[in-house]
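Trainee: here you go, sequence then predicted model.
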Amino acid sequence: MSEKMLTTSHQHRLRSNRRNFPHDQLERGLCLNDLYAGVTTHDHRTAKLIDAYLHHRIYDQYGLNSHTTTESCWTRTDFEPRTSKILTNDSASLYAHLNVYSLAFGEYMFGCLTIILLLATLGATWIDFNARPNDLFVDAFSIRRNVQRLWAAPKPNALPFLDGFRALGMLTILIVHSQLPMIRMPVWNTEALEAQANHFIFPLVNSGNTHMIQFFFTLGGMVFGISCLRHFDRSPSFRFMYFIDKLLRRLVRLLPAYGFIIIYQATWYRRIRRGPLEYKFNDFCLNNWWSNILFVNNYIHTTKPCLQFSWYLGADFQLFLIGSALLLLVWKFPSTKGWLVRVMVAVALVLPGYIIYTTLTTATMTFDMRHALAELRTYDHFLKYYLPSHTNISGYFFGIIAAMVYRSALATGSPDQSLPILQKWLKVSLVALVGLNAFTTLLPFVSEDQQHSLFLAIYGSLLKASWGCSYSLVFLVFALKGKSRLLDMLSHSGLQFFAKISYCMYIVQYSVIYGLYTNFPIPMVYGGFNL
């Protein structure tokens with residue numbers, strides 16, 4: 001690569017509909033190595049040369065006038081070490097100098113932390129194989145003991161099929177998330193992507209993808225509810241510290257690995273994604289890491305997120321706190337369980353519709369290529385309805401209610417009597433689910449005018465509730481059902497293993513997926529094998 005070589009991407013104007021790529025913008029990479037010997041990154045003559053050159057190219061090819069905007073420029077010097085920058089009296093240069101050294105310190109800190117963890121793991125494993133002491137350090141870091149725990153059989157009273165569901169759900173999420181960045185990549189066959197987005201069945205598929213998150217909220221609510229209610233049965237006397245202990249245990253499970261990945265994102269990720277396409281995959285962990293650590297990143301810095309997919313962790317943690325407060329009331333005042341269930345159902349049905357109506361968002365997430373290209377960070381529905389915990393409360397509440405029904409059926413010794421009733425309700429719920437989702441195929445033809453629509457508010461609320469209700473009934477039916485091949489498959493040790501490492505896979509997926517895409521050397525082919 002020549003020292004004077006740089007690449008640039010540009011845009012020019014045409015027309016398109018919302019489900020297509022913006023046809024008024026054409027993005028290209030251009031090498032000026034042989035065109036302009038005096039090229040520099042910030043030279044205004046470079047921008048003029050690019051504009052003139054591409055203007056003639058576009059006009060000769062399409063007969064269209066165009067205007068060029070430079071999105072990113074790269075020269076060889078951008079890839080060279082910058083720690084030798086000379087400090088000047090200029091305040092801008094001073095800030096740049098300090099920023100470079102602060103990043104270098106962060107990189108050293110992450111490297112040292114990684115080495116310490118590796119040495120601790122190797123040391124604990126060596127001690128375990130030679131002395132096998134009952135030591136907390138060895139128990140935490142020994143590879144042998146951790147592998148044993150990962151492959152350990154579930155407890156007798158557990159519902160292992162729920163972990164099987166979790167593993168399959170996480171696999172689905174990883175596949176979907178690995179495909180999404182392709183929209184922002186240079187693609188040879190953009191017409192194939194547009195044809196898919198305009199297919200009549202696509203809104204139905206998109207609805208399933210959008211509401212997949214309700215699967216995890218419902219599952220989380222049911223698992224948490226069963227754990228608490230089982231404890232209430234064993235220890236009827238109220239003890240507030242039980243929930244404090246639950247909270248601390250949850251933080252201990254989440255924060256160490258989460259913090260490690262955030263430090264990586266704030267330091268080394270910028271090196272991994274360095275290149276002409278890095279502006280497409282911006283991450284803001286260096287400045288906004290604290291919103292993740294406090295689990296409020298689904299409300300704060302939503303347009304400049306740190307680890308964008310981690311919004312779920314914030315929402316789930318907030319729902320955990322809400323669920324803890326509700327179950328605390330059930331434990332302290334058992335007679336309130338009935339009306340509390342009614343309140344949860346009412347909130348699950350009313351609150352999402354209220355948000356849709358008052359914020360003028362769409363009933364469900366519709367596909368708009370402009371927002372997809374911006375990672376949905378400009379999409380009102382995503383920011384106001386998809387991310388907040390209060391709009392995702394229905395799935396979590398249905399999960400807690402399912403846990404109450406399950407524990408009640410076991411306590412009364414009537415699982416066999418409850419199962420046929422639940423199966424009938426499941427059929428009704430699935431019919432409603434299919435019908436409500438089928439209507440999404442008509443949404444692309446509904447006017448986009450921003451107005452208060454009571455119909456769309458009710459529809460959007462029922463659509464979201466139908467997913468949470470259906471998931472909870474599926475989990476309930478499986479929990480009360482006897483042995484079956486499907487239950488045995490979901491309870492397989494391989495799925496149990498995958499479920500236990502699913503959290504780690506979830507928090508590292510952003511770094512891995514985006515790191516790979518930013519370093520892809522050639523334009524991609526959608527729907528084909530790329531190497």
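Mentor: Cool, the structure landed.
Trainee: what's the neighbour count on Pro444?
Mentor: 17 (other C-beta atoms under 10 Å). Every residue, glycine included, has its C-beta placed from N, CA and C.
Trainee: does the nearest residue in space to it that is not next to it in sequence count as helix, strand or coil?
Mentor: Spatial nearest neighbour of Pro444, excluding adjacent residues (C-beta to C-beta, 6 or more residues apart in numbering): Pro203 at 6.1 Å. Judged by DSSP: H, G, I helix; E, B strand; the rest coil, the three-state class of Pro203 is helix.
Trainee: so Pro203 sits against Phe439, correct?
Mentor: No. Here Pro203 does not reach Phe439: they are 9.1 Å apart, not a contact under C-beta atoms under 8 Å.
Trainee: neighbour-wise, which of these two wins?
Mentor: Pro203 (24 against 16).
Trainee: ok, now which ones touch that one?
Mentor: The contact partners of Pro203, by C-beta atoms under 8 Å, 6 or more residues apart in numbering, come to Thr366, Phe367, Thr440, Thr441, Leu443, Pro444.
Trainee: if we use 10 Å, what do you get?
Mentor: Listed by C-beta atoms under 10 Å, 6 or more residues apart in numbering, the contact set of Pro203 reads 19, 197, 210, 364-367, 437-444.
Trainee: among those, which are in strands?
Mentor: Among the contacts of Pro203, none falls in strands (DSSP state E).
Trainee: rank those by pLDDT and give me only the lowest.
Mentor: By pLDDT, Pro444 ranks lowest within the contacts of Pro203, coming in at 72.
Trainee: Asn17 is in contact with that one, correct?
Mentor: Yes. Assessed by C-beta atoms under 10 Å, Pro444 is found in contact with Asn17 at 9.4 Å.
Trainee: mind listing what's buried in the host helix or strand of Asn206?
Mentor: Counting by DSSP states H and E, the element that carries Asn206 is helix 202-210. By 16 or more other C-beta atoms under 10 Å, the buried positions in helix 202-210 come out as Phe202, Pro203, Leu204, Asn206, Ser207, Thr210.
Trainee: could those be laid out in TSV, adding distance to Thr358?
Mentor: TSV is the format used below for the buried residues of helix 202-210 (distance: C-beta to C-beta, whole Å):
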residue	distance to Thr358
Phe202	29
Pro203	24
Leu204	27
Asn206	24
Ser207	22
Thr210	21
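Trainee: any idea which of these is closest to Phe397?
Mentor: Closest approach to Phe397 among the buried residues of helix 202-210 (C-beta to C-beta): Thr210, at 19.0 Å.
Trainee: so how far is Ser453 from the closest one?
Mentor: Between Thr210 and Ser453 the computed distance is 19 Å (C-beta to C-beta, to the nearest Å).
Trainee: now do the shared contacts for Pro444 and Asn17.
Mentor: Common neighbours of Pro444 and Asn17, counting by C-beta under 10 Å, 6+ apart, are Ala197, Asn198.
Trainee: neighbouring contacts of stretch 187-200?
Mentor: For stretch 187-200, contacts defined as C-beta under 10 Å, 6+ apart pick out 16-21, 23, 182-183, 202-203, 205-206, 367-369, 372, 441-442, 444, 522-528, 530.
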